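Colleague: Task: produce atomic coordinates for the following.
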Amino acid sequence: MLPSHMMLSCLLGAALLAPVPLGTGDGGTGEARTGDGRSGEARTRDGRSVDYRGLRLTVPADWRVVDLDRNPEACLRLDLPTLYLGHAGTQGECGAARAAAPRADTLHLEPLDGAPARADIPTVGGDEGDPLPKVRGDSNEIRYTLRRAGLMATVSYGTTPEVVRGVLGRARALAPPAARGPRPVEPAVAVGGGPRTAVQEPYTGEGFDACTAPTQRAMNAWRADSPFGAVGVYIGGRARACAQPQLTAEWVSRQTAAGWHLMPIWVGPQPWHSASTGLSTDPSEANEQGMAAADGAAQAARSLGLGEGAVLYNDLENYTDRATWDAPVVAYLTAWTVRLHELGYRAAAYVAASSGAKALSAHYAQAPDAMPDVLWVARWNGEASVTDADMGLPTGTRQWAGARRAHQFRGDHDATYGDVTINIDRNWVDVGAPTPKKGRLPLS
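Modeller: Below you'll find the predicted structure:
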């Protein structure tokens, strides 16, 4: 339900004031504690009561409460119900998970002053007397600029945002309304338009991907000292496992200017049974899901400044029941490809050698023009190459020949370059120049 007019007025009228101490949390995990003049918490009959910068909220009893100022390395995970407080840090604790099954309800509150100008999810304003807008994001994430409270609220959810919006709606101020807070943070590139970066240059060499976009310091250090020239970054999707506080249009522009080859990754519905993140087993419905995923990925790419002709990668995880999933997987990825071509982008698929790669290969001859332009295969054999064997393809095949392959040859490990450690997957990338596609619609 929408929050009442009175409740929201209290919420948006909150000032940046010192909180009332309520209790003691588990500081060992970075959970919110009292005594720092900033946040506090206590258990109540209806859940967990938390004070943050003049605002009192009650979150469900099973939610974690993580203080990011106390633990700047904490990962903003989207698969555990959590209230995050403060600006995100380096997210150095993010591990191997790239796709979440299922997604959880989370809320991230941070001061408007210093909140990043993210472009990968919708950012909408809230003002005194107005209900929270009922918008839905393609990645199941929404940001609300609460001007009177001086806070940015980032909502993440599984199937519906109503639980988290309810937490905000029931919040109340600990003091009378004060002066209006800083102006809302707007995306660095307006959604649906804005300047574009150059399309990816052809690249052959090593690349890495991490659950969350690294800090600029980390990217600079790795550009100077690592063997990598390509980086995979998760730009959205309903199954994305980590929040992306670093991911702005400015971040994208800086990496391309520094010479990085970007691999934008969309984590759409997956071949598992889940109401929030699952792919349909019905090929016709999977086809619709593929088109919707392409629309969402193209929108995110535009907002981040990724221009026409860029390769957008769909992360589709491994599965073992090929009898159930092969047909919907092929329907989903071919629909993804066709729709992205209409929108002016190239399409790629990240799949496992033992499942998705074999399904696409088996159906290649039926619809070659609808097959992804680039095939990125996970096979952790330690071989930095894109041979047919590495890719799980028939020996001597012409499928995805000619600089249209990438191979994830090592997964989930910590790597250190320039005194910066990141948990990564390691890849060999061989991606060439774009090929013009017929029937393409111009970007709007």
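Colleague: Could you spell out which stretches of this structure belong to which domain?
Modeller: 5-173, 203-431 (automatic domain parsing).
Colleague: for Thr215, what are its contacts?
Modeller: The contact partners of Thr215, taken as CB atoms under 8 Å, 6 or more residues apart in numbering, are Thr90, Gln246. C-beta coordinates here come from the backbone N, C-alpha and C atoms, glycine included.
Colleague: Gly232: helix or strand, and which one exactly?
Modeller: Assessed by DSSP states H and E, Gly232 sits inside strand 228-236.
Colleague: Would you state the helices of the stretch 51-200 of the chain in chain order?
Modeller: For the stretch 51-200 of the chain, the helices defined by DSSP state H, counting those that start in this stretch occupy 162-169.
Colleague: Surely Cys75 touches Gln91?
Modeller: Yes: Cys75 is within contact range of Gln91, at 5.1 Å (criterion: CB atoms under 8 Å).
Colleague: what is in contact with the two at once?
Modeller: Applying CB under 8 Å, 6+ apart, one finds that Cys75 and Gln91 are jointly contacted by Cys211, Thr212, Cys242.
Colleague: The second one and Pro202, how far apart?
Modeller: I take that to be Thr212. 27 Å (CB to CB, to the nearest Å).
Colleague: nearest residue to Arg217 other than its sequence neighbours?
Modeller: Val420 (7.1 Å; CB to CB, 6 or more residues apart in numbering).
Colleague: For the one you found, give the beta-bridge partners.
Modeller: With DSSP bridges as the criterion, Val420 is bridged to Tyr417.
Colleague: Could you check how many residues crowd around it?
Modeller: 19 (other CB atoms under 10 Å).
Colleague: where's Asn381 relative to Arg410, distance?
Modeller: From Asn381 to Arg410 the distance is 9 Å (CB to CB).
Colleague: So if I had to pick from these two, which one is more boxed in?
Modeller: Neighbour count, other CB under 10 Å: between Asn381 and Arg410, Arg410 has more, with 20 against 12.
Colleague: Could you check the pLDDT of the more buried one?
Modeller: Listed pLDDT for Arg410 reads 97.
Colleague: ok now do it, which residues does it touch?
Modeller: By CB under 8 Å, 6+ apart, Arg410 lies in contact with Trp380, Gly382, Asp425, Arg426.
Colleague: Wait, Cys211 touches Ala99, no?
Modeller: No: using CB under 8 Å, Cys211 is not in contact with Ala99; the gap is 9.7 Å.
Colleague: rewinding a little: looking at Thr212 and Pro202 now, which is surrounded by more residues?
Modeller: Neighbour totals were compared for Thr212 and Pro202, and Thr212 leads with 26 against 11 (other CB under 10 Å).
Colleague: That one reaches Ala74, doesn't it?
Modeller: No: the criterion here is CB under 8 Å, and Thr212 misses it with Ala74 at 11.2 Å.
Colleague: Give me the common contacts of those two.
Modeller: The contact sets of Thr212 and Ala74 overlap at Gln91 (CB under 8 Å, 6+ apart).
Colleague: Gly229 versus Ala243, what's the distance?
Modeller: 26 Å.
Colleague: and if you look at Val330?
Modeller: 32 Å.
Colleague: out of the two, which sits in the more crowded spot?
Modeller: When Val330 and Gly229 are compared for neighbours, Val330 comes out ahead with 24 against 17, by other CB under 10 Å.
Colleague: quick one: secondary structure of that one?
Modeller: Secondary structure, DSSP: H, G, I helix; E, B strand; the rest coil: Val330 is helix.
Colleague: residues touching it, list them.
Modeller: Pro283, Ala359, Leu360, His363.
Colleague: Against Pro328, how distant is the first one?
Modeller: The reference is to Pro283. Pro283 is 5 Å from Pro328, where distance means CB to CB.
Colleague: Just grab the bridge partners of Leu83 for me.
Modeller: Counting by DSSP bridges, Leu83 is bridged to Val65, Leu107.
Colleague: shaky segments in this protein?
Modeller: 1-46, 96, 126-130, 176-199, 435-444 (pLDDT under 70).
Colleague: Could you verify my assumption that Tyr52 touches His108?
Modeller: No: the pair Tyr52 / His108 is not scored as a contact, 11.0 Å apart, by CB under 8 Å.
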